[in-house]
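A.B. asks: Just to be clear, the model below is a prediction. Sequence and coordinates:
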Amino acid sequence: MIPIKALLHLSTLGMVRAKVVKVDPLAPDEDVIEEAAEVLRSGGLVAFPTETVYGLGADAFNARAVRRVFEVKRRPPDNPLIVHVSSLNMLSRVASEVPPHVLRILQIAWPGPLTVILRRYPELPPIVSGGLDTVAVRSPAHPVALKLIEVFGGPIAAPSANLSGRPSPTRAEHVVEDLGDAIEMVLDAGETFLGVESTVVDLLSPKPRILRPGPLGPEELVKIFGVDVEVPEHVRGILSDVDRPPSPGMKYRHYAPNKKLILVELGSCGAGDYIDFLVRTLKAHLSNGPALLASKETIYHVKGFLGDAVTYITLGSRSNIYEVAKNLFNSLRELDKNDRVSVGICESFEEKGIGLAVMNRLRKAATERLVCG
Ligand code: TXA
Ligand code: MG
């Protein structure tokens, strides 16, 4: 039984236990969406699925509700949120000066995993943008998210629904692990479709510039934009050479499990040498209970050398980088939950398409990087 003193303590802290409600990802129940919209209208926080990761939603025009988003996530106040809209019409309530070429791009790319930086509409509370005069906006391609924004009837400010610094949530359970005691409601629509957060692009610079890589890689963006796209070096996730990050989120360590994570990069090695290098790295950590986070193909080869001395966490198939992206954050959380393991050793992937986002997240999550060759 919980002592009454502890209960009183909980209530004075204003702690709540989130109501978790299952919804069909493709045909969400109208009553459930209406209930969630009502929570938002009364200034509450609702976690909801998007096609990328779960978001922690608040009424974008309610500065108090938005402040709570920062508080419950323990997010630094200068790291701005993304505003979610359900239509180009709604965009005009959060962004001013949307040039015709931007409208054309959004007509193609939305709804979808593309966040654009535009000028903030003056009436949108500055706290949403961490005090900047710009705003990050996107329209999510998930029926539950779109329906929620539509029924709520306005823009929803929503960062990823994890504690700041932790891997982003791709399942409702992840949201409950991190924030279950601090928010009002979680819409549980199962696993998200893509697994890594949206591509963030600055459309205010002369040439569109990627601020955060995501499901739409530079190759796809060039096709959608019809012009060349700038891919700054920091987009690869190597932080040391970033002095003044163009996106405030970049200066913080991210996506990180609590345990030590060593990323083993392919470097100039061929496939055979790379497996040898992984095996040697794992052997050097055998006394710590190592886990190998890798594709099923790589696990098959390493298992031939090390058998059950290692815990194996499968990211998917090397031939399907979308599967790897989808499993990535859950695998990092699994590493933390496994008591037999104290260090993770992770394989690297080709930086093409969504693979650029996978490597960006892995480099930011890793405590150490080793390069083969
Ligand atoms: O897929 C996604 O984008 C998910 C789902 C929930 O939509 N959201 C998400 O939000 O990942 P968050 O808050 O975890 O990441 C937002 C990123 C941060 O890196 C932040 O610094 C950047 O967008 N950002 C937001 N507003 C910005 C602005 N005005 N200028 C530059 N970067 C901005
Ligand atoms: Mg985030």
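C.D. replies: Here it is on my side, so go on. Ligands and ions are numbered 1, 2, ... in the order given.
A.B. asks: rest of the way, CA atoms for contacts and neighbours
C.D. replies: OK.
A.B. asks: gap between the nearest residue to Ala172 once chain neighbours are set aside and Val46?
C.D. replies: Spatial nearest neighbour of Ala172, excluding adjacent residues (CA to CA, 6 or more residues apart in numbering): Asp188 at 5.2 Å. Asp188 sits 11 Å away from Val46, going by CA to CA, to the nearest Å.
A.B. asks: residues contacting Cys269?
C.D. replies: Residues in contact with Cys269 (CA atoms under 8 Å, 6 or more residues apart in numbering) are 372-373.
A.B. asks: oh, I was asking about Gly43
C.D. replies: Contacts of Gly43 by CA under 8 Å, 6+ apart are 58-59, 62, 64-65.
A.B. asks: are any of those residues buried, and which?
C.D. replies: 58-59, 62, 65 (16 or more other CA atoms under 10 Å).
A.B. asks: Check the gap between Trp327 and ligand 1 for me.
C.D. replies: Trp isn't right for residue 327; it's Asn. 15 Å (CA to the nearest ligand atom, to the nearest Å).
A.B. asks: Helix or strand for Arg104, just tell me which one.
C.D. replies: helix 100-109 (DSSP states H and E).
A.B. asks: How about residues contacting that helix?
C.D. replies: Contacts of helix 100-109 (CA under 8 Å, 6+ apart): 88, 203, 224-225.
A.B. asks: what's the distance between that helix and the middle of its chain?
C.D. replies: Distance of helix 100-109 from the chain centroid (CA atoms, centre = their mean, to the nearest Å) equals 24 Å.
A.B. asks: so Ala136 sits in a strand?
C.D. replies: Yes. Using DSSP: H, G, I helix; E, B strand; the rest coil, the assignment for Ala136 is a strand.
A.B. asks: Would you map the helices across the stretch 251-373 of the chain?
C.D. replies: 271-283, 296-306, 321-337, 354-365 (DSSP state H, counting those that start in this stretch).
A.B. asks: Buried residues of the shortest one, list them for me.
C.D. replies: So the one you mean is helix 296-306. For helix 296-306, by 16+ other CA under 10 Å, it's 296, 298-299, 302-303.
A.B. asks: can you check stretch 99-114 too?
C.D. replies: For stretch 99-114, by 16+ other CA under 10 Å, it's 106, 109-114.
A.B. asks: Name all residues that make contact with Val128.
C.D. replies: Residues near Val128 by CA under 8 Å, 6+ apart: 60, 63, 66, 80-83, 135, 157.
A.B. asks: please redo it, this time with the cut-off set to 7 Å
C.D. replies: Contacts for Val128 (CA atoms under 7 Å, 6 or more residues apart in numbering) come out as 60, 66, 80-81.
A.B. asks: just Leu179 next, same as before
C.D. replies: Asn162.
A.B. asks: hang on, the earlier thing: distance to Arg119 and mean pLDDT for the helices of the stretch 251-373 of the chain - can I get that in JSON lines?
C.D. replies: Converted to JSON lines, those look like this (distance: least, CA to CA, whole Å; pLDDT from 0 to 100):
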{"stretch": "helix 271-283", "distance to Arg119": "46", "mean pLDDT": "98"}
{"stretch": "helix 296-306", "distance to Arg119": "45", "mean pLDDT": "98"}
{"stretch": "helix 321-337", "distance to Arg119": "31", "mean pLDDT": "97"}
{"stretch": "helix 354-365", "distance to Arg119": "25", "mean pLDDT": "96"}
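A.B. asks: Give me whichever of those is most buried.
C.D. replies: helix 354-365 (a mean of 25; mean count of other CA atoms under 10 Å).
A.B. asks: who touches that one?
C.D. replies: 213-217, 235-238, 253-257, 321, 325, 348-349, 351.
A.B. asks: quick one on the thing from earlier: which of the helices of the stretch 251-373 of the chain sits closest to Ser164?
C.D. replies: Distance to Ser164, taken as CA to CA, is lowest for helix 354-365 among the helices of the stretch 251-373 of the chain, at 12.5 Å.
A.B. asks: Relative to the whole chain's centre, how far out is the closest one?
C.D. replies: 11 Å.
A.B. asks: Report the angle between that helix and helix 321-337.
C.D. replies: Computed by axes from the mean of the first three to the mean of the last three CA atoms, to 10 degrees, the angle separating helix 354-365 from helix 321-337 equals 20 degrees.
A.B. asks: and helix 354-365 with ligand 1, contact?
C.D. replies: No. Residues of helix 354-365 are not located near ligand 1 by CA under 6 Å from any ligand atom, the shortest gap being 11.5 Å.
A.B. asks: same question, stretch 156-164
C.D. replies: Yes. Using CA under 6 Å from any ligand atom, stretch 156-164 reaches ligand 1 at 158-160.
A.B. asks: export that stretch as CSV, just CAs?
C.D. replies: The C-alpha trace of stretch 156-164 is given here as CSV (Å, rounded to 0.1, in the frame of the first residue of the first chain):
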residue,chain,number,x,y,z
ILE,A,156,-0.5,22.2,-31.8
ALA,A,157,3.0,22.8,-30.5
ALA,A,158,4.7,19.4,-30.1
PRO,A,159,8.3,18.4,-29.5
SER,A,160,9.1,14.7,-29.4
ALA,A,161,7.3,13.2,-26.3
ASN,A,162,10.5,12.0,-24.5
LEU,A,163,12.5,13.4,-21.6
SER,A,164,15.1,15.8,-23.0
